[in-house]
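Undergrad: Show me how the following folds:
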Amino acid sequence: MPDAFDLLGIEPRFSIDAADVERRHRQLLAQLHPDRHRVPESVPAPDLELAPDARESLLTQLGDINNAYRIVSDPIRRAEQLLWRRGVVPDSKAAPELLARVFEQREAVDDATHRGDVDSLSNYATAARKRQSAFIEELAAFFEIESARVSVPQQTQIARVLDELRYLKKLIERAELALDDLL
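TA: Down below sits the predicted model:
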């Protein structure tokens, strides 16, 4: 897959303006829409459709643009893309203490779900969102300050933050699904 930032034609930065990214995404989708690439009306009706190769190419480009938008819109995937641009592939080996915490908090969410404890579920989701925001700020600070070279200790720190964010994303989704079911 081509670079997400390049595909969208936006500056490769961690701190983005979500509205600008969405606007760019919509512009590209409109430009690539198959109806804009049809043969003129003067051509006989059976030939109005795009040739299969041209249609397939447009659909592939549309898929690439949509995937690029998903990458840039997600802070975890955006950070991974920025690291990839710097030649770094984050090593995702969750630390044992993170795994233990994940297990405990999943159990707590599951217990609250089984008890129908809406307040506890809401508190878990709120606390997880707060921690998620702090980790996103940490990533933003790293990408705003650091040069193109990423040291091994920095890679380790970034990998830890990304692991935490992945976990928090799942915890929030789990708690919110449970809340939706209970409300």
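
Undergrad: tell me the domain ranges of the chain?
TA: Dividing the chain into domains by automatic domain parsing, as the record does, gives the ranges 4-73, 96-182.

Undergrad: Check the offset of the longest helix that the chain contains from the chain's centre.
TA: Ranked by residue count under DSSP state H, the longest helix found in the chain is helix 152-182. Centre-to-centre, helix 152-182 and its host chain are 12 Å apart (Cα atoms, centre = their mean, to the nearest Å).

Undergrad: list the buried ones in it?
TA: 155, 158-165, 167-168, 171-172, 174-176, 178-179 (16 or more other Cβ atoms under 10 Å). Where C-beta positions appear, they are placed from N, C-alpha and C, glycine not excepted.

Undergrad: And stretch 135-150, by the same measure?
TA: F135, I136, E138, L139, A140, F142, F143, V150.

Undergrad: Closest one of those to S73?
TA: I136 (12.7 Å; Cβ to Cβ).

Undergrad: In contact with the closest one, which residues?
TA: P75, L165 (Cβ atoms under 8 Å, 6 or more residues apart in numbering).

Undergrad: pLDDT weak spots in this structure?
TA: For the chain, the stretches with pLDDT under 70 are 1, 34-54, 92, 146-148.

Undergrad: tell me how far the helix or strand encompassing V102 is from the chain's mean position?
TA: Using DSSP states H and E, V102 sits within helix 96-115. Distance, stretch centre to chain centre, for helix 96-115: 24 Å (Cα atoms, centre = their mean).

Undergrad: Spatially central residue in the chain, please.
TA: D74 (2.3 Å; Cα atoms, centre = their mean).

Undergrad: returning to what we had before: and which of the buried residues of stretch 135-150 is nearest A128?
TA: Closest to A128, out of all of the buried residues of stretch 135-150 and judged by Cβ to Cβ, is F135, at 10.5 Å.

Undergrad: D117 versus that closest one, what's the distance?
TA: According to Cβ to Cβ, to the nearest Å, F135 stands 26 Å off from D117.

Undergrad: picking up where we left off before, which other helices and strands does the longest helix of the chain contact?
TA: helix 75-85, helix 96-115, helix 118-145 (3 or more Cβ pairs under 8 Å, 6 or more residues apart in numbering; DSSP states H and E).

Undergrad: In JSON lines: those, plus distance to L58.
TA: Putting the helices and strands packed on helix 152-182 into JSON lines (distance: least, Cβ to Cβ, whole Å) gives the following:
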{"stretch": "helix 75-85", "distance to L58": "24"}
{"stretch": "helix 96-115", "distance to L58": "42"}
{"stretch": "helix 118-145", "distance to L58": "33"}
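
Undergrad: With respect to R13, which of those lies nearest?
TA: helix 118-145 (6.9 Å).
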